[in-house]
Structure formats: C-alpha cells, structure tokens
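J.: sequence unknown, structure follows:
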C-alpha cells in the first residue's frame, strides 16, 4: 500500500520564528499556565550566578582582611537570596508539573474542535487522515507538539538568561584586558595577546560545538526516518494485536502465535538496531562536545590565572570570571541545541498547523429550513453526479430522483453501486460534483447546514456506539429526556436489555470506564442505534442495513413493527435482503451509480432486470 508522504521542505530562521510565535498564541488561548515556564527559566538561568558572585566577593573580602562580621553578613545575604530563589523555583516547578499534567488534554482541544467542524469529506481524505494519525502517534509514543516545543523553549530561555548574566559578568573583564592593554594600563604584549588567543580559541570551539550539535540532530532525524515504518509496525503490534481482545480470538483459533512471535522478534531486532544507532551517534557527538567544553574550560582557567598573576584582576575575580565563562559556554551549547531541536521538530509542528489550517470547501448556507404545518417535504436529485475526493471515478452519475415525506422507499443493488453515496449526498455530508439537490424547490446548499441535517435520523451500516451511558447514547446528549428515551427503547425492541441494566439509563455501555458497564451484542448495538434514530424524531429516517446483525426472529419483529417504529415519516432503507423490500412502497435499484429500475416489489419482480435476478438468487435458498 502506498504511504501518504508528509515530508516538508526545510524552513529558514524567519519562518521558524513565525511558527513558534503562532504556537505561543495557541498556548495563550488554551493553556495560559505555560507562562510559569518564564519564571522557571529565569530562576534556572540566574541561580548559578548567585554562588559565583558571592564566592568572588567573599574571597576578595578575605584576601583584603575585611572584618568577619562583614563577611558573615555577605554570606547570610547570599544564602537568603539563594533560599528565596530556590523557593520560587520549587513553586515554579510545582506549577509547571500541574501544567504538564493537563497539557495533553487542553491542547487536544484545537484538534478536537477542528475535527468536529471540518467538512465530513475532509475526514475521508487520505492526506487528512495521515495528518491526524501522525498526531495520535506522536501523542502515544513520544510527546505532543506543545510538550516538545515547551520543553525546548524552556531550555532555550534558560540558556538565554544564563548567557546574558555571563556576558554582563565577563564583559568588563574582556573589555579591560583589550582596551586597557592598548592604552598601556597593563602589559599589552602579554595580556592583550593572550586575550586575543583565548577569544579565538573560545570562538573556534563554539563554532565546532555548533557544528557538532547540528550534525547530531541531523543524524537523529535520519535514524528516526529510517525506522519510521518499523515503529509504526511496533505500535500496530502492541495496540491492535497484542492488547486486542478481538484479535486474541483469531490468534488462538488459527494458531497464529508463532507468526506473532516472529513479528515480535523482528520488532525487538528493529528496536535494538535503532537504539544502537542512536547511542553511537550520541556517544560520538556528546564526547566531542564534552572534550571541547573541557578544553575551553582549561583555556579559560589558564587565561584567568595568567591575568591574576599579571595583577590585572583580584583573586575573587578569578572565580567570578572563570565561572561566568564556563556558564557562557554551557549556555551557548544549550542555546544551539535547543534551537536546532525546535527546528528539527518543525515537521511535527507543520503537520499540526496544517491540520488546523484545513479549509472547508462546502458552501455554508444561512436560510432556515421552512417549518411547514403539513410536515410535507420534497427532496429532488436533479442531474446529480458525484466523484469522491482524490478519485476519477463517478460514484453517482446523472441521477434524478424525488422523495416525498411519508413514503417508504428501499435502495437495493450490488456493492459499490452508489446506495450509501446517495445517502451521504442526501444528508449533505458531501456536495454534488455536478447537478443540484433541492428541498422544497431550494438548493440545499443555501440552507443552514445544521438545520438541514436536523431533518434526518440515520442508522449507518458502520454506526458507532460510544462507551457512554445508555441514555447519552440514545439522546446524543448529556441531557436526556427520560420519557422520550424509554419510548425509543420500547419501539426499538430493547426492553429486555433495559431490564438487565443495573443503573437504568445511567448504565455505561461496555466496561471501558466502568466495572458495572453492560457489554452488548452486535444485534443489541444495532437496536440501540435504531433507538437513537427514533429519539431524534426527524422527518426522514434512513436505515442502512438495519437488520444485518439481527437474528431472524428479531428481524421479523422489526419489520412487523416497522410502521410503529417509523410512524408517518419518510423511511429510506438500504438492504441486501430483498425480502425486506416488500414493506416499501417503492424500490430504487442502483447499478453503476444510477437508478436502473424503480417500482414496487410486485412490479419489479415481474420485470426482466437486475432486481428480478437478485430476488431469484436469494429466493432459491428458501424453497
């Protein structure tokens, strides 16, 4: 199967900044608790300099023979400041942890809202489904977009604070050595030349360190891309096979344990190979970065010691400047590493933002649906043709059909003949590629989308029952009209199941979230979906294979009570069991995206055509 490529071109600094600012705006909108990171970054960056400055001051005071009381006062002041900053840091860490715990749930809201608001057609697009699947993958096995971004942003801001304090601390020293030496205030041939050599060594090491950080990041991304398909297989094995109750039955019946063990061994080999590649890359570059840091540290200490020997600085300043330069080197390393990591995470960020930026293409009408006293609605398909997105084949071709309230109509035909597509167009999940669908003579695209869909109650073939309370599944809402829900339960034939429910309408369906939840069969789930359609009380009731999961007795009960279930509404149902079509006033026979026959069961049974051949093919098994 061909994979959908989600690779994007590399972006520049300006584009990086634009994207990161947008992420910050989203954070402000959905989770302002992230601002505590600013406090934490400042404290983490500034705290080391309290010890550096205090140590330098105490050494100078000791060397100068200052009174013990004065030195004690400085020590107590430094300790008090450190304690205050540590307390603030503890508070910031606590608040940050609280923020992290809620991060996934709060920042999933933009994705959930976008998914609920986007055109249904977009949800079936291969590109959109791939984008959504990637976000799920990141969330499950790593960290989502915002967690990764904030983690690197905190490191980046901490490095910025540390760098600023370092430069403020050491700038007077370097300026004094360079300009002082030139002005003859010190031995210009000594400290001035040594200053230039030390600066050159420092700059060279930082450039080499920057190269190492970039190469390390590129290699990590290459390793990730190399093993991406293998990681997807690992996730599939764990989520859909090993931990799946449904898969467990087939594995045991068809003796697939050996095959699963082989896949498991392959998964372990892939994981080991990937881990070794990551380890080799990290050892190589972390070793180089550590060596550079040690070399630069040695150069700095040697240089500062030389300046102290030459009388340019005091003993306390040796500690101050050496410590500040070391902090500067570490800050530059973290700064480059965090920025490069954010840059390499851009693909994940771009996919997230691309999903949020998807544009709806369906026209949004504003006309309210007419509230007719007689309840009469007429729907007309006029020369309607439709192709699914990313497909060249027409699923519906030049279709002309009229539906009027109160009719019973069945749709039959081979698989792929256009029946379900017809229902999707009728419910305006898609707009026609060509032609027009009219409601009471008005193009349905002009109606308010939500109002128009209130006309339909649909039980799709792939309906969804949620692991929520029984009443919530029926009402589609947390506010349940109990009398209305009980009426829907009775009309759908669910009284027997309801009597078993320990908490009535509040009983949870399935046991995903409750030990007292009720597991239901496929047939019971189908009746529950029908109860939901009855509860909505819409003028059009559409049933796609409404009895596919029912036993013959339950199926007979449904069709016997069909009029009671549907009432005076328009009933449109799709079924491959042609015996059910006898309850319909009219039958539409679909083939190749069009209606090739139309009439009652008695009329079509007598005509030569597809319906008669299908009827005879099924009838022979009951003779």
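T.: Happy to help now that I have it. Quick caveat, the model's predicted, so the values are computed rather than measured.

J.: how about the residue nearest to the spatial centre of the chain, what does it touch?
T.: By C-alpha atoms, centre = their mean, the mean C-alpha position of the chain lies nearest to residue 135, the distance being 3.6 Å. With C-beta atoms under 8 Å, 6 or more residues apart in numbering as the criterion, the residues that contact residue 135 are 111, 144, 145, 351, 352, 355. Every residue, glycine included, has its C-beta placed from N, CA and C.

J.: One more pass at 10 Å, please.
T.: Shown in contact with residue 135 (C-beta atoms under 10 Å, 6 or more residues apart in numbering): 108, 111, 144, 145, 348, 351, 352, 355.

J.: And residue 574, by the same measure?
T.: By C-beta under 10 Å, 6+ apart, the contact list for residue 574 reads 410-413, 419-420, 422-423, 460-461, 542-546, 548, 580, 588, 590.

J.: Report the beta-bridge partners for it.
T.: Applying DSSP bridges to residue 574 yields these beta-bridge partners: residue 411, residue 544.

J.: could you flag which of the contacts of residue 574 are buried?
T.: Buried residues within those, defined by neighbour count using 16 or more other C-beta atoms under 10 Å: 410-413, 419-420, 422-423, 460, 542-546, 580, 588, 590.

J.: just to revisit the earlier point, just the buried positions in the helix or strand encompassing the residue nearest to the centre of the chain, please.
T.: Remark: residue 135 resides in helix 126-141, with elements defined by DSSP states H and E. The neighbour-count check on helix 126-141 (16+ other C-beta under 10 Å) flags 127, 128, 131, 132, 134, 135, 138, 139 as buried.

J.: Of all pairs in those, which one is the farthest apart?
T.: Using C-beta to C-beta, the pair of these lying farthest apart is 127 and 139, separated by 19.3 Å.

J.: Cross-check the contact I'm expecting between residue 409 and residue 586.
T.: Yes: with contact taken as C-beta atoms under 10 Å, residue 409 and residue 586 are classed as touching, separated by 5.0 Å.

J.: Now do the shared contacts for those two.
T.: With contacts taken as C-beta under 10 Å, 6+ apart, residue 409 and residue 586 have 403, 598 as neighbours in common.

J.: who's more crowded, those two?
T.: Neighbour totals were compared for residue 409 and residue 586, and residue 409 leads with 19 against 16 (other C-beta atoms under 10 Å).

J.: isn't there a strand covering that one?
T.: Yes: assessed with DSSP: H, G, I helix; E, B strand; the rest coil, residue 409 lies in a strand.

J.: contacting residues around it?
T.: 401, 403, 542, 570-573, 581, 584-588, 598.

J.: Pick the one among these closest to residue 277.
T.: Residue 277 lies nearest to residue 542 out of these, by C-beta to C-beta, at 53.9 Å.

J.: Could you tell me how many residues sit around residue 291?
T.: Residue 291 is surrounded by 14 other residues when neighbours are defined as other C-beta under 10 Å.

J.: Just the element for it, please.
T.: Assigned by DSSP H and E, residue 291 belongs to helix 257-309.

J.: in stretch 600-616, what counts as buried?
T.: Residues of stretch 600-616 classed as buried under the neighbour-count rule (16+ other C-beta under 10 Å) are 601, 604, 605, 610, 611, 614, 615.

J.: Turn the residues you listed into TSV, including distance to residue 71 and pLDDT.
T.: Compiled in TSV, these are given as follows (distance: C-beta to C-beta, whole Å; pLDDT from 0 to 100):
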residue	distance to residue 71	pLDDT
601	105	85
604	106	89
605	109	86
610	102	90
611	104	88
614	101	87
615	105	85
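
J.: which two in those residues are spaced the farthest apart?
T.: Farthest apart among the buried residues of stretch 600-616 by C-beta to C-beta are 601 and 610. That separation is 13.8 Å.

J.: the strands in the stretch 301-450 of the chain, which residues?
T.: In the stretch 301-450 of the chain, the strands defined using DSSP state E, counting those that start in this stretch lie at 378-387, 394-404, 408-413, 434-439, 442-443.

J.: repeat for the stretch 501-623 of the chain
T.: Counting by DSSP E, counting those that start in this stretch, the stretch 501-623 of the chain forms strands over residues 540-544, 570-574, 586-591, 594-599, given from the N-terminal end onward.

J.: Fine by me, we can end here.
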